[in-house]
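**Student:** okay, here's the prediction I keep looking at, along with the sequence it came from:
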Amino acid sequence: MPTEPSAPRALTESELEHFYRLDELAFGEEPASQQAAEVSRRLLERDRTIGVFDGPQLVGGASIFTLEMTVPGGRIPLAGVSWVSVMPTHRRRGILSSMMRCQLHGLHESGGEAVAGLTASEPPIYGRFGYGSASRAAALTIQRPYSALRIPEGVDSIALRFVPTDESYEVCEEIYARQVPERPGMLVRTPSWAMAYFTDVDQWRAGRSRLRTVLAERDGKAVGYTRYRTKYRESDGRPAGEVSVTELYADDAASYAALLRYLTEIDLMTITRLDGIPLDGHAMHLLQNVRAANVHVKDALYIRLVDIDRALASRSYAAPIDLVLDVADALCPWNAGRWRLTGDEAGACCEPTAAAAADLALDVRELGAAYLGGTSLAALGAAGLVKEHRRGALAAAARAFAADLEPWIPFGF
């Protein structure tokens, strides 16, 4: 007869090796090379890592990264949920639910981050824990015959320069940091996260070249960079190589266009792949024939409001808002009930209220989806997921929550 798994608890240093093995098994991965393991393990925060045991065996694990994220009006702490794993032999025994509850209740009780986020391996899993799909990304495949660009003014003033990737850390991180305030969902890169993108891990090449870095410079100042790999192939005796772009950041459209043009015109390469770019990013507008590109849209960042009052008060709103929200939250009962949200571009306040009537009724999952301004509350209402009790309240909320640019997360975790 199966035994009852333990309650989640913090892991000791000596238990971490079992945690790594569990993660590889749960995700069907080969053991990491020493180089790949060193990069990944530098990111893990042991004091925020928990496990569930069946007797002496570790059968579930999860961790949290300490992150900062751009939201409309500023930047907030984000609890980045990751390394979530359950032993294949122990599925459907409540282990995942117990770990999700432990994390969210722990954040609330300790006064930790008011907002949690994750990038889901399977979208259906986390909605039942209150995580809403708050941002999307596009994977773009550009074929050489259809790579013509609209060239913005100023491209001719941009010079491109190869730099050894292992010498590019400082200049690239300065460029990346300048992009963080520009779009909701952008994450601050700590040194450990920066090193994860800077380190050229052999195991991650999948038959492709070493990681290459090109800077875009204007008047001697670095204003953009790209990191990419190439893979030479032939088709019917003709070159048919591929360029896989891992990073492309620039301060302005001209420097971005110069880098994108370079990436789509490399000799012997006929396909350029940009995986995970903003839906409204420069590439989507600069391509003259975006229809000919293969565009695959996918869900990206899922947001969970841990403490509704602190979370909603931590961002600004595009239009004045004064609404009473009736929120359902089965997993975090302190969130359930009516909340009055008031605010504008300067800031906001969210407090519990005894108001008899609510303007809108919704689940915490929908609030998470709308939090960064990319998922419209009006669209969720049209889908039957938000109920309007006061005429006009839904449209007003949609306008207030909206962001100027599509939310986008620059890297998964």
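**Tutor:** Now that the structure is in, tell me what you want to look at. Numbers count the residues shown, from 1 in each chain.

**Student:** what does stretch 225-233 rub up against?
**Tutor:** Identification of contacts with stretch 225-233 by Cβ atoms under 8 Å, 6 or more residues apart in numbering yields 165, 168, 171-172, 175, 197, 205, 207-216, 239-250, 259, 262-263, 266, 268-269. (Glycine included, C-beta is placed from N, CA and C.)

**Student:** quick one: average confidence on it?
**Tutor:** Mean per-residue pLDDT for stretch 225-233: 96.

**Student:** go on, stretch 392-410?
**Tutor:** On average, stretch 392-410 scores 97.

**Student:** which of the contacts of stretch 225-233 are buried? Put it as a PyMOL command.
**Tutor:** The following PyMOL line selects those of the contacts of stretch 225-233 that are buried, judged by 16 or more other Cβ atoms under 10 Å:
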select buried, resi 165+168+171+172+175+197+208+211+212+213+214+215+216+240+241+242+243+244+245+246+247+248+249+250+259+262+263+266+269
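
**Student:** in strands, which of the contacts of stretch 225-233 appear?
**Tutor:** 212-216, 239, 241-250, 269 (DSSP state E).

**Student:** measure stretch 82-92 end to end?
**Tutor:** 19 Å (Cα to Cα, to the nearest Å).

**Student:** do the same with stretch 309-323
**Tutor:** Taking Cα to Cα as the criterion, the two ends of stretch 309-323 lie 13 Å apart.

**Student:** and it, which residues are buried?
**Tutor:** For stretch 309-323, by 16+ other Cβ under 10 Å, it's 309-318, 321, 323.

**Student:** stretch 90-106 now?
**Tutor:** Within stretch 90-106, the residues scored as buried using 16+ other Cβ under 10 Å are 90, 93, 95-96, 98-104, 106.

**Student:** in terms of secondary structure, what does the longest helix seen in the chain contact?
**Tutor:** What stands out as the longest helix in the chain, according to DSSP state H, is helix 95-110. Using 3 or more Cβ pairs under 8 Å, 6 or more residues apart in numbering; DSSP states H and E as the contact test, the elements touching helix 95-110 are strand 49-54, strand 57-71, strand 74-86, strand 115-119.

**Student:** same thing but at 7 Å, please
**Tutor:** Judged by 3 or more Cβ pairs under 7 Å, 6 or more residues apart in numbering; DSSP states H and E, helix 95-110 is in contact with strand 49-54, strand 57-71, strand 74-86.

**Student:** now render those as a markdown table, adding mean pLDDT.
**Tutor:** Listed next are the helices and strands packed on helix 95-110 as a markdown table, based on pLDDT from 0 to 100:
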| stretch | mean pLDDT |
| --- | --- |
| strand 49-54 | 98 |
| strand 57-71 | 98 |
| strand 74-86 | 97 |
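
**Student:** go through these and name the closest to residue 37.
**Tutor:** Proximity to residue 37 (Cβ to Cβ) singles out strand 74-86 among these, at 13.2 Å.

**Student:** could you chop this structure up by domain?
**Tutor:** Domain assignment for the chain by automatic domain parsing gives 9-113, 137-299, 307-401.

**Student:** figure out which of the ones you listed is closest to residue 126.
**Tutor:** Proximity to residue 126 (Cβ to Cβ) singles out domain 9-113 among the domains of the chain, at 7.9 Å.

**Student:** where does the protein dip in pLDDT?
**Tutor:** The chain contains residues with pLDDT under 70 at 1.
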